[in-house]
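Asks: Sequence first, predicted model second:
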2 protein chains.
Amino acid sequence: MTSTPIADLWPAPPGGTDSRPEAAYRLLQAAVESFAERGFHATTTRDIATAAGMSPAALYIHYPSKAALLAEISQAGHAATLALVRRAAAGEEEPAERMRRLVEEFSAWHARGRMVGRVVNYELHALPEDAYAVVAALRLDIEREVSALIEEGVAAGAFTVSEVRTAARAVTSLGIDVSRWYTDRSTETPEELGRRYGELVLRMLGARV
Amino acid sequence: MTSTPIADLWPAPPGGTDSRPEAAYRLLQAAVESFAERGFHATTTRDIATAAGMSPAALYIHYPSKAALLAEISQAGHAATLALVRRAAAGEEEPAERMRRLVEEFSAWHARGRMVGRVVNYELHALPEDAYAVVAALRLDIEREVSALIEEGVAAGAFTVSEVRTAARAVTSLGIDVSRWYTDRSTETPEELGRRYGELVLRMLGARV
DNA sequence: GCGCTGACTAAGCGCTTGCTCAGCATGGTG
DNA sequence: CACCATGCTGAGCAAGCGCTTAGTCAGCGC
């Protein structure tokens, strides 16, 4: 149940003697896996601390609360996803080619990082209000980025869609839902899945084949 | 936050003097809404009982446990969804037409019954093991039904897909995820959404336009 | 040696949880 | 009337929760 974890979201802990960030990193990792598998409310601080190899009290030296752990995971995860989407949408190629890459990477990310993906997409309701506000803004940005790319493609005559918002919903929806159903036992690699989903989405948007 | 609730999943309570099933129905309704909004583990038996207009102890006259409430909701919800899918897939029309209706109704159902949909799709991990086994079988049946219809369409030359399993995943995925994002404030009606998603899916499957 | 710091633990506090139980009002039946 | 089943409540129990507190101990500058 590992998946590729938060290694690409947080800087790797330094190999040096400094043990502070390494312990905090272990807690984050343990929290991601517990929250993803059992959900925030079914996870106890004892679960997280034990999985990180320390006593329950040690958690509070690195994070002020269980909710703060969730907030950090959710914000970093959303920020990474938005960055991925922006990178793909801002390329130099034709809109269709950029959309293909966007869907490929978005889907593969949700397969590879399904643990983070589950926390990011399905534990929103457990966020403290202020953290939720930050995250909601990031989600809006992601959707806007996808909508803008579709609109650009429609204007260029590369896509044919009747409702841009609905189409954008469908595109992000497909990717997000990957984190729900993808498992270790899936025979498709994240990259294969990305390529196939890229094809499906281009057809969905009425792109020339 | 009501959505169309479980009225189509359980027989309506008799209007007569008999209050037993009516009270159990109120509990189910309250449980669906609490589980959907806060999640199973964040919902207390006091929440459910209070929302149903009774004391916490009264819950246990109608259901043996909190988990039994979840199990009933999940099993009935899955059974209703499978029935919907079977009805659409078993028609007399061409595969493409049946697929259009399947997606239309599947998507509209997940928008209209998003509360039940959320419990059904996102609270699986909280199910007791035996109830989970039942539900997992129903989910497999749903996916098989969709796969079979795609295969039929491919054989008839109506669809063009490279990987049937991946395409089937995408079709069900789109519908399931509706229950995550659809809200009271959505401007699309469930029926509009269904029609648009039906179009998108047909294009995705390479059906003749 | 000394004093200090920072990561950590054992113990446990106050509170909430799922669930139980004795008892009460109601109403149909002899 | 007595009898009892039914649907429910008020009070509360044992267990588990997030988080705190007091204290231990290795490492380090002096």
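Replies: Received the coordinates, thanks.
Asks: List the buried residues for stretch A:91-104?
Replies: Neighbour counts over stretch A:91-104 (16 or more other C-beta atoms under 10 Å in any protein chain shown) mark A:95, A:96, A:97, A:98, A:99, A:100, A:101, A:102, A:103, A:104 as buried. Just so you know, the C-beta spots here come from the backbone N, C-alpha and C atoms, and that holds for glycine as well.
Asks: Could I have the CA atoms of that stretch written out in CSV?
Replies: Extracted C-alpha coordinates of stretch A:91-104, given in CSV (Å, rounded to 0.1, in the frame of the first residue of the first chain):
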residue,chain,number,x,y,z
GLY,A,91,3.4,24.6,-23.3
GLU,A,92,4.2,25.8,-26.8
GLU,A,93,2.4,23.1,-28.7
GLU,A,94,-1.1,23.0,-30.1
PRO,A,95,-4.0,22.9,-27.6
ALA,A,96,-4.7,19.3,-28.4
GLU,A,97,-1.2,18.2,-27.7
ARG,A,98,-1.0,20.2,-24.4
MET,A,99,-4.3,18.7,-23.4
ARG,A,100,-3.0,15.2,-24.1
ARG,A,101,0.0,15.8,-21.9
LEU,A,102,-2.1,17.4,-19.2
VAL,A,103,-4.4,14.4,-19.0
GLU,A,104,-1.5,11.9,-19.2
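Asks: now, which of the buried residues of stretch A:91-104 sits nearest residue B:37?
Replies: Nearest to residue B:37 out of these is residue A:103 (C-beta to C-beta; 30.9 Å).
Asks: Tell me which helix or strand the spatially closest residue to residue A:85 that is not a sequence neighbour sits in.
Replies: Once flanking residues are discounted, residue A:85 sits nearest to residue A:145: 5.0 Å by C-beta to C-beta, 6 or more residues apart in numbering or on different chains. Element membership for residue A:145 (DSSP states H and E) is helix A:129-155.
Asks: Show me what that helix is packed up against.
Replies: Applying 3 or more C-beta pairs under 8 Å, 6 or more residues apart in numbering or on different chains; DSSP states H and E, one finds that helix A:129-155 makes contact with helix A:66-89, helix A:95-112, helix A:164-181.
Asks: who touches the nearest residue to residue A:138 once chain neighbours are set aside in this structure?
Replies: Distances taken as C-beta to C-beta, 6+ apart place residue A:78 nearest to residue A:138, at 4.1 Å, with adjacent residues excluded. Applying C-beta atoms under 8 Å, 6 or more residues apart in numbering or on different chains, we find residue A:78 in contact with A:120, A:135, A:138, A:139, A:142.
Asks: Show the pLDDT at the residue nearest the centre of chain A.
Replies: The centroid of chain A falls nearest to residue A:117 when counting by C-alpha atoms, centre = their mean (4.3 Å). We have a pLDDT of 97 for residue A:117.
Asks: Which of the three states applies to it?
Replies: Here residue A:117 is recorded as helix under DSSP: H, G, I helix; E, B strand; the rest coil.
Asks: what about the nearest residue to it once chain neighbours are set aside, distance to DNA strand C?
Replies: Residue nearest to residue A:117 in three dimensions, not counting chain neighbours: residue A:179, with 2.9 Å by C-beta to C-beta, 6+ apart. In this view, residue A:179 and DNA strand C are 27 Å apart by C-beta to the nearest atom of the strand, to the nearest Å.
Asks: quick check, stretch A:65-85 touching DNA strand D?
Replies: Yes. Using C-beta under 7 Å from any atom of the strand, stretch A:65-85 reaches DNA strand D at A:65, A:66, A:67.
Asks: Just the buried residues of that stretch, please?
Replies: Residues A:66, A:68-78, A:80-82, A:84-85 are the ones in stretch A:65-85 that count as buried (16+ other C-beta under 10 Å).
Asks: Just the CA trace of that stretch, in PDB.
Replies: Only the C-alpha atoms of stretch A:65-85 are listed here, as PDB (Å, rounded to 0.1, in the frame of the first residue of the first chain):
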ATOM      1  CA  SER A  65      -2.500  18.900  16.100                       C
ATOM      2  CA  LYS A  66      -3.700  16.000  14.000                       C
ATOM      3  CA  ALA A  67      -5.600  18.500  11.800                       C
ATOM      4  CA  ALA A  68      -2.400  20.400  11.100                       C
ATOM      5  CA  LEU A  69      -0.900  17.300   9.600                       C
ATOM      6  CA  LEU A  70      -3.900  16.900   7.300                       C
ATOM      7  CA  ALA A  71      -3.700  20.600   6.400                       C
ATOM      8  CA  GLU A  72      -0.100  20.300   5.400                       C
ATOM      9  CA  ILE A  73      -0.700  17.200   3.300                       C
ATOM     10  CA  SER A  74      -3.700  18.700   1.600                       C
ATOM     11  CA  GLN A  75      -2.100  22.100   0.800                       C
ATOM     12  CA  ALA A  76       1.100  20.600  -0.500                       C
ATOM     13  CA  GLY A  77      -0.800  18.000  -2.500                       C
ATOM     14  CA  HIS A  78      -3.000  20.600  -4.100                       C
ATOM     15  CA  ALA A  79      -0.100  22.900  -4.800                       C
ATOM     16  CA  ALA A  80       1.800  20.100  -6.600                       C
ATOM     17  CA  THR A  81      -1.300  19.200  -8.700                       C
ATOM     18  CA  LEU A  82      -1.800  22.800  -9.700                       C
ATOM     19  CA  ALA A  83       1.800  23.200 -10.700                       C
ATOM     20  CA  LEU A  84       1.600  20.000 -12.800                       C
ATOM     21  CA  VAL A  85      -1.500  21.300 -14.600                       C
END
